[in-house]
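Peer 1: Below is the structure, and that's it, no one-letter string:
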């Protein structure tokens, strides 16, 4: 009764459709072992007789309950204002944080045919050191903060500019920097020893400060001593000998020698060692050994015309000219040849010096006019003389009208 | 730029091949269709050659030639023009190794030998005309320049001039060939009979004597030179003073074991004849800097105390032939001229940092040659490039129409940097 009522009730509400009812009836008629009675009719319910499901798809698939994610906040970089203070966002050194840096940075090796990985979850970006905490305003503020610990440069003290300026790596943009330089000048040799404020030698020490378990840093032991060669006041012999002794510690551009001590554990020991080295080398340079006059021509520091094979060649030429009764080579011609040789062998081999040498030899032979080329390579400006066609890829294809086809040898492109 | 292209082409060689195959297959398929369809698919550039078809539409350019084939008459008006040497004269004056191998092959392909009249060779010839050689030690003119710019061809032009000027020419086509034989099995050398520390070439020396006798055949016949000294080459071969020089040369050609000693005798005799005023002598040495190197391909047993090496290379100055020609560089004779080229190609250490003469020659080479006139051989000027290009096009060596268009020419000029050697290499597949 109850079941009928329920069915009637549901059908009345329009929720249960008629085919379902007929199915229930059918199942009741076909598969019940006993004949239906009114009593049984009354006690009919879904629990006693589960509905027969003939087809498997009528079973509802078990659906996993979806876990609702909490709503994510946008990354911090999206909410940043353009006029914010970056030093507050990134005050100290830290590995890269993609949500904080408002830059579309990409880095890393992509798989083929893929773009370079972006900043999110990018291990490559986190590995490299960044300098986001060392922006110019941050450095400026830092300097301003520690300025109270610095003392002004003492008056009357000066170094030679060769010691203070970096001639090896000159500053490409000296005007842009507002860096204050040490006062430097090229001292007059007479004034140097009378001026009490002039220091002919610079000694460099570096201190390293950082927060860590130890305040020691082994790099602080290094002592660098720099001396200008003019200040040593050497004669030609000891000058040459000193250069041979110091080897690559001599800087030709600034005319200085640099001694670096780092083999002892303490700075003071290294400094002592540098001073000892300098003293010993100077003493060694100023002594003249008994065998030093045996130095052959090849070991001379520069080319000397007198006694050279070139001089002998000119002498041989003069001799032949005298035998033939022709006017011999004049002093002027020889002088020009000598100067050209000096320029080439001592000054360096360039197109100009080689051409000048050739002209001087022609002059020696009695030919006044040079006819051959003055340069050995005249195509330096080849791109400027020629109106080269635009050979960018796009115009190239347009020009020759090629249709590039996928011919199958590249496996990644689907055909 | 050329080098970059060259290295790239190796990498992409397979790729290009496949691409061309594919396109050509497309061509055959499109041909089966109607002409209109073919026209519609005219997006193809690579068209297959008509094998066996007559060369109807071969690209051609008028060459810049001159009929003046005597180098004595060449002046600055002829700059950039091509002149032709007859094949007979070429075979007489030049050795197979006198020219670059590629250029030699090209000459054989064209069945003619032509040289462009360029400023370096022309200026040396002009200087030679001005000089009175009998009143001075032999002047020296050395060509130098980058690889492939035409040093050897300039020497060839000057040699042609010298032979017309009735010089007796002692030419070594490529000095380095004696030292680093470009063969799997180097040519034979023997310890010299006089000094076992010095080494004699056998076949190379007799080859050189053969070249000398063919090159100077006319002059030697005309001059009938006699020897000044007596030469005892072996117990049997004895030439008293006053014997015929051609006889001595013939002995060297027939007896390779004695040929190196004969070369020494010939060089000494020619020096004396020149100084006496009997003849004018030109010493022509291509790649002269290799005469002063420490390294050759030949090795000898030698224990180095410091490196513990048990062998070392024989230095160039330990060969009789090299000694004979460095002796000619000395300043004790007149009525001669020395012409050569300074070339970094023959450096064994492959140091191509600069081609400047002092750097390549080294101390010894510089002292032996100084004073000399260094004559730079630059790349083609734009006019010379045009002339060279037209010459190649006139020989149908360039068979692509695109290459002859102004754009194509400008592109090839930029790729080759107007270097003659690079130009030939770039034009080879065109």
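Peer 2: In hand now; what should we look at? Since the model is a prediction, treat every value here as computed from it, not as a measurement. Numbers count the residues shown, from 1 in each chain, chains lettered A, B, ... in the order given.

Peer 1: list the contacts for residue A:281?
Peer 2: Shown in contact with residue A:281 (Cβ atoms under 8 Å, 6 or more residues apart in numbering or on different chains): A:242, A:245-246. For the C-beta atoms, the positions are set from N, CA and C on the backbone; glycine is no exception.

Peer 1: measure residue A:100 to residue A:85 for me?
Peer 2: With distances taken as Cβ to Cβ, to the nearest Å, residue A:100 is found 14 Å from residue A:85.

Peer 1: what touches both of those two?
Peer 2: Overlap of the contact sets of residue A:100 and residue A:85 (by Cβ under 8 Å, 6+ apart) is empty.

Peer 1: returning to that earlier point: now the contacts of residue A:281 in CSV, with neighbour count, distance to chain B and secondary structure?
Peer 2: Conversion of those to CSV gives the following (neighbours: other Cβ atoms under 10 Å in any protein chain shown; distance: Cβ to the nearest Cβ, whole Å; DSSP: H, G, I helix; E, B strand; the rest coil):
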residue, neighbour count, distance to chain B, secondary structure
A:242, 19, 25, helix
A:245, 17, 23, helix
A:246, 17, 25, helix
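
Peer 1: Looking at the stretch 201-350 of chain B, what residue ends up closest to chain A?
Peer 2: Across the stretch 201-350 of chain B, no residue is closer to chain A than residue B:331, which sits at 4.1 Å (Cβ to the nearest Cβ).

Peer 1: Can you tell me the element that residue falls in?
Peer 2: Element membership of residue B:331, judged by DSSP states H and E, is empty: it is in no helix or strand.

Peer 1: Number of residues surrounding it?
Peer 2: Counted by other Cβ atoms under 10 Å in any protein chain shown, the residues lying close to residue B:331 total 20.

Peer 1: what sits against it?
Peer 2: If you count contacts by Cβ under 8 Å, 6+ apart, then residue B:331 has A:312-313, A:316-317, B:137-138 around it.

Peer 1: before we move on, back to that, okay, residue A:100 and residue A:85: which has more neighbours?
Peer 2: Using other Cβ under 10 Å, the more surrounded residue of residue A:100 and residue A:85 is residue A:100, with 14 against 10.

Peer 1: Tell me how far the residue nearest to residue A:258 when sequence neighbours are not counted lies from residue A:272.
Peer 2: Setting aside the residues directly before and after it, residue A:258 is nearest to residue A:226 in space (Cβ to Cβ, 6 or more residues apart in numbering or on different chains), at 5.0 Å. Remark: distance between residue A:226 and residue A:272 (Cβ to Cβ) = 17 Å.

Peer 1: what does residue A:221 give?
Peer 2: For residue A:221, the distance to residue A:272 under the criterion Cβ to Cβ works out to 12 Å.

Peer 1: go on, residue A:369?
Peer 2: For residue A:369, the distance to residue A:272 equals 66 Å [Cβ to Cβ].

Peer 1: Same question for residue A:86.
Peer 2: Counting by Cβ to Cβ, the gap from residue A:86 to residue A:272 is 47 Å.

Peer 1: Counting neighbours, what do you get for residue B:196?
Peer 2: By the other Cβ under 10 Å criterion, the neighbourhood of residue B:196 contains 9 residues.

Peer 1: Could you do residue B:427 as well?
Peer 2: The number of residues packed near residue B:427 is 19, by other Cβ under 10 Å.

Peer 1: and what of residue A:236?
Peer 2: Residue A:236 is surrounded by 8 other residues when neighbours are defined as other Cβ under 10 Å.

Peer 1: One more: the one 3 residues further on?
Peer 2: Here the count is done by other Cβ under 10 Å, and residue A:239 has 14 residues near it.

Peer 1: Under the pLDDT cut-off, which ranges of the stretch 51-200 of chain B? List them.
Peer 2: In the predicted model of the stretch 51-200 of chain B, residues B:51-57 satisfy pLDDT under 70.

Peer 1: Could you do the stretch 51-200 of chain A as well?
Peer 2: Filtered on pLDDT under 70, the stretch 51-200 of chain A yields the residue ranges A:57-59, A:162, A:165-196.

Peer 1: what's around the one residue in it that gets nearest to chain B, how many residues?
Peer 2: Going by Cβ to the nearest Cβ, chain B is nearest to residue A:112 of the stretch 51-200 of chain A, at 15.9 Å. Here the number of neighbours of residue A:112 (other Cβ under 10 Å) works out to 5.

Peer 1: That one is in what secondary structure piece?
Peer 2: Assigning secondary structure by DSSP H and E places residue A:112 outside every helix and strand.

Peer 1: Please apply the same query to residue A:304.
Peer 2: Here residue A:304, judged by DSSP H and E, is contained in no helix and no strand.

Peer 1: Pull up the per-residue confidence for it.
Peer 2: pLDDT, the model's per-residue confidence, is 89 for residue A:304.

Peer 1: what residues are up against the nearest residue to it once chain neighbours are set aside?
Peer 2: Distances taken as Cβ to Cβ, 6+ apart put residue A:297 closest to residue A:304, at 7.7 Å, once the chain neighbours are dropped. Contacts were defined as Cβ under 8 Å, 6+ apart; by that measure residue A:297 touches A:304, A:307-308.

Peer 1: picking that back up, settle it for me: which of residue A:369 and residue A:272 has more neighbours?
Peer 2: When residue A:369 and residue A:272 are compared on other Cβ under 10 Å, the one with more neighbours turns out to be residue A:272, at 14 against 11.

Peer 1: Surely that one is in a helix?
Peer 2: Yes: when classified by DSSP: H, G, I helix; E, B strand; the rest coil, residue A:272 is found to be part of a helix.
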